[in-house]
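Asks: okay, predicted coordinates and the sequence, questions at the end:
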Amino acid sequence: MTIARVMRRNPVAARPEMTVTEAKERMEREHVGKLPVVDKNGRLVGVFTKKDLLRAGPSPATSLDVYEIGYLLSKLTVEKTMTRDAVTVQETEVVEEAARVMAEKDIGCLPVMRGDVLVGLVTKDDLFRVFVRMFAGGEQGVRVTFLVEEKPGMLVRLTAGVAELGGNILSLTTFDGDSPANRRCTMKVSGVDSMQLRRILETAGAVIEDIR
């Protein structure tokens, strides 16, 4: 799945010359926590987030009163507080690569580009929703986690067995197993009961870890 399928298109953006107060009001009005920052030519120049907003605020130990704080924030611009050199992703990139980049760099969003043009924004929340869909979260069915040998043809045997029962595989994901010799899989299937599914998987050589 590519980023283009999960990103938020035409994201709400900020301008560098906007004040921090204006950016905060835009975030609240649009119910977003991150704003790409684009210049007058539409070129991406940074990202403004709630973290930047917090850093722009005074220390809790400040002696300024609330009116003085409000005045200072009304003069401070997004350009002086935003995160520059924003990490971006092309709309043709796959979701798992975007998730890897966000995890490794500890960032909560990626502006999505088409060449050098901003076309969207993808956040951790967007990728979390993809994760839920990948596991068929919310759909009715039998969910099973099992170990299988790490060798060609194992998944074919398992899925063929489910098909013979008349089951419909809603999701199937694989992960590292306990050793290089096996692989851990999670499957959700509709149209069969747990006893039927257990029997067909064990017959095909799977070791059931959890079924519900």
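Replies: In hand now; what should we look at? Residues are numbered from 1 along each chain as shown.
Asks: centroid residue for this protein?
Replies: L127 (1.8 Å; CA atoms, centre = their mean).
Asks: which phi and psi does that residue have?
Replies: Dihedral pair for L127: phi -70, psi -30, per degrees, to the nearest 10.
Asks: how far away is it from D176?
Replies: Here L127 is placed at a distance of 20 Å from D176 (CB to CB, to the nearest Å). The way it works is simple: take the backbone N, C-alpha and C, and place the C-beta from them, glycine included.
Asks: quick one: the helix or strand hosting E25 to chain centroid distance?
Replies: For E25, the host element (DSSP states H and E) is helix 20-30. Offset of helix 20-30 from its chain centre (CA atoms, centre = their mean, to the nearest Å): 23 Å.
Asks: got it, and stretch 194-211?
Replies: 31 Å.
Asks: gap between the two ends of that stretch?
Replies: 7 Å (CA to CA, to the nearest Å).
Asks: buried set for that stretch?
Replies: Q196, L197, R198, I200, L201, A204, A206 (16 or more other CB atoms under 10 Å).
Asks: give me the lowest-pLDDT entry from those residues.
Replies: Lowest pLDDT of the buried residues of stretch 194-211: A204, 89.
Asks: beyond the lowest-mean-pLDDT helix or strand in the chain, next helix or strand please.
Replies: One helix or strand of the chain scores below all others by mean pLDDT, DSSP states H and E: helix 66-75, with a mean of 60. Proceeding C-terminally, helix 66-75 gives way to helix 78-81 as the next helix or strand, assigned by DSSP H and E.
Asks: which strands or helices does that following helix pack on?
Replies: Counting contacts by 3 or more CB pairs under 8 Å, 6 or more residues apart in numbering; DSSP states H and E, helix 78-81 is packed against helix 20-30, strand 34-38, strand 44-49, helix 50-56.
Asks: export stretch 94-102 as CSV, just CAs?
Replies: Provided in CSV are the C-alpha atoms of stretch 94-102 (Å, rounded to 0.1, in the frame of the first residue of the first chain):
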residue,chain,number,x,y,z
VAL,A,94,5.0,2.4,0.7
VAL,A,95,3.5,2.8,4.2
GLU,A,96,5.9,0.5,6.0
GLU,A,97,8.9,2.6,4.8
ALA,A,98,7.1,5.8,6.1
ALA,A,99,6.5,4.1,9.4
ARG,A,100,10.1,3.0,9.6
VAL,A,101,11.3,6.6,9.0
MET,A,102,8.9,8.0,11.6
